[in-house]
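Asks: quick one: sequence and predicted model below, then my questions.
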Amino acid sequence: MKQEGSIEKIDKYTNFLLPNKFKRVGLVLFVFAFISYFAVGVYVENSNYYLLQNIAHTIAILSLLMIAISREKIEDELIAKIRMQSYHYAVIGTVIVHFCMFFVPSVLTLLFSSTQTIQENNDIFVLVCLLVIKILTFNKLKKAYYEE
């Protein structure tokens, strides 16, 4: 009984989807952010450049999130399975790309440069959060479903 409440709480968040019309809203916002990102470099002075670029980055990420969590016109079990598989591959792909973007330049710098410095990795917190949340949620759901 207690585990059913846990499953319902997790399902409340994992099954949350925006209405389908938010895909179009997200696409419009993404195009706006993409154009703004490049327009900032042309039309803005240095003092506001990084602030406006960060705002464009944030809008782009939120718009892509909006597209990712919007409903399809027809929601069924196949769409739910495809959505879960895409999140699974996104997590794996993100970790692989992150490590490639960190290690490849570092190795090339060590091999071909006279300055032997390795750049600091500031995004590791995001990867750790991503993987810890995935692992904890998976283990909690697995335990809850096996106890049913």
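Replies: It's in. Numbers count the residues shown, from 1 in each chain.
Asks: which secondary structure state does the residue sitting furthest away from the middle of the chain sit in?
Replies: Distance from the C-alpha centroid of the chain, by CA atoms, centre = their mean, peaks at S114 (36.0 Å). Look at S114: counting by DSSP: H, G, I helix; E, B strand; the rest coil, its state is coil.
Asks: and the most centrally placed residue in the chain, how far is that from I124?
Replies: The residue lying closest to the centre of the chain (CA atoms, centre = their mean) is L65, at 7.2 Å. Noted for L65: a distance of 21 Å to I124, by CB to CB, to the nearest Å. Any C-beta I mention is one placed from the backbone N, CA and C, and that applies to glycine too.
Asks: same question, V132
Replies: Applying CB to CB to V132 and I124 gives a distance of 12 Å.
Asks: again, but for V44
Replies: Counting by CB to CB, the gap from V44 to I124 is 31 Å.
Asks: which of the two has more residues huddled nearby?
Replies: Neighbours were counted for V44 and for I124 using other CB atoms under 10 Å; V44 has more, 15 against 11.
Asks: correct me if wrong: the more buried one contacts L52.
Replies: Yes. Judged on CB atoms under 8 Å, V44 makes contact with L52 at a distance of 5.7 Å.
Asks: nearest spatial neighbour of the residue nearest to the centre of the chain, skipping sequence neighbours?
Replies: Distance criterion CB to CB, 6 or more residues apart in numbering; nearest residue to L65, sequence neighbours excluded, is G26 at 7.7 Å.
Asks: is that neighbour in a helix, a strand, or coil?
Replies: helix.
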